[in-house]
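In: Prediction below, plus the sequence it came from.
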Amino acid sequence: MYQGLSISIVIPAYNEEKGIGTVLQQLPSYVDEVVVVDNNSEDRTGEVASSFGAKTVVEHRQGYGWALRRGFAEATKDVAVSMDADGTYPSEQIAEIVDLLQRDNLDFISCSRFPLIKADVMSSRNVFGNKVLTLIFGLLFWRWLQDSQSGMWVFRRRILPLMHFEGETWEFSSEVKIEACTNPYIRFREVHIMYHLRIGYSHFHSLRKAIAVGILDIRFLIQQRFVRRRARQHKLYQQLHPLAKQASIK
């Protein structure tokens, strides 16, 4: 419990045996619940997570998006914080972000890694790819973020019914920000955080893999902007209007 709010940490994990233990060890004592979603790991990720007391669940549908959607469904506390299992995101900054959430009556805070405080924590290739995707995000949705691909978000769990998710893999990182920053009933902000060097093996080790993920994300952004989102947005907001008004005044 922190500032009168209970806190759930949600961590998607695929073959992160080397990093998950360190991440869990470093979590602040005020965290009330830790949900680790083992996304079909072939190593001891789930076993290590459980040994540190995390609520460990297995999501058999492969993909970053599926894992996070399962984790959000399993979380039970007032505030949900998403983090990665590789030690890159700063658990030591959760308190200051929750302070901001409370002080400014926000609903969703996206944590930007850019500008990088330490240049060696991310390859120049990944920096370039993130910048391109964030620019396209801004041009399509007219919301100018520093980091559309960040995997750390701090938000009030009660707003989840106001968001609609379709992303199954890496595109989910863009989708959650689209749903948060374009929804008139969600108070959104982006803040800068420290970003650390990864523990263990990167899932984006090859240029081919990075390009494939980038193309998938760009295609998803275009579909969300011009096809899926326009078709459902009006109907969805109308259905959720009573809930949205209730959430906005709490």
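Out: That came through, no problem. Numbers count the residues shown, from 1 in each chain.

In: what's the burial count for Gly129?
Out: Residues near Gly129, counting by other Cβ atoms under 10 Å, number 20. In short, each C-beta sits where N, CA and C put it, glycine included.

In: show me what contacts it?
Out: Contacts for Gly129 (Cβ atoms under 8 Å, 6 or more residues apart in numbering) come out as 210, 214.

In: so where is this structure shaky, pLDDT-wise?
Out: 203-205, 228-250 (pLDDT under 70).

In: Try it again at 50.
Out: 234, 248-249 (pLDDT under 50).

In: Just give me the residue right at the centre of it.
Out: The residue lying closest to the centre of the chain (Cα atoms, centre = their mean) is Gly151, at 3.9 Å.

In: Do I have it right that Thr45 meets Glu16?
Out: Yes: using Cβ atoms under 8 Å, Thr45 makes contact with Glu16 at a distance of 5.1 Å.

In: Can you check which residues contact both of those two?
Out: Residues touching both Thr45 and Glu16 (Cβ under 8 Å, 6+ apart) are Ala85.

In: between those two, who's got more neighbours?
Out: Glu16 (31 against 26).

In: Adjacent strands (with direction) for the helix or strand where Ala80 lies?
Out: Element membership for Ala80 (DSSP states H and E) is strand 79-82. Its sheet considered, strand 79-82 pairs with strand 7-13 (parallel), strand 153-156 (antiparallel) by DSSP bridges.

In: and Gln26, how many neighbours does it have?
Out: 11.

In: Give me the distance between it and Gly19.
Out: Going from Gln26 to Gly19 by Cβ to Cβ, to the nearest Å gives 11 Å.

In: Give the residues shared as contacts by those two.
Out: Listed as contacting both Gln26 and Gly19 by Cβ under 8 Å, 6+ apart are Gly87.

In: Out of the strands paired with strand 79-82, the one nearest His60 is which?
Out: Taking Cβ to Cβ, strand 7-13 is the member of the strands paired with strand 79-82 nearest to His60, at 13.4 Å.
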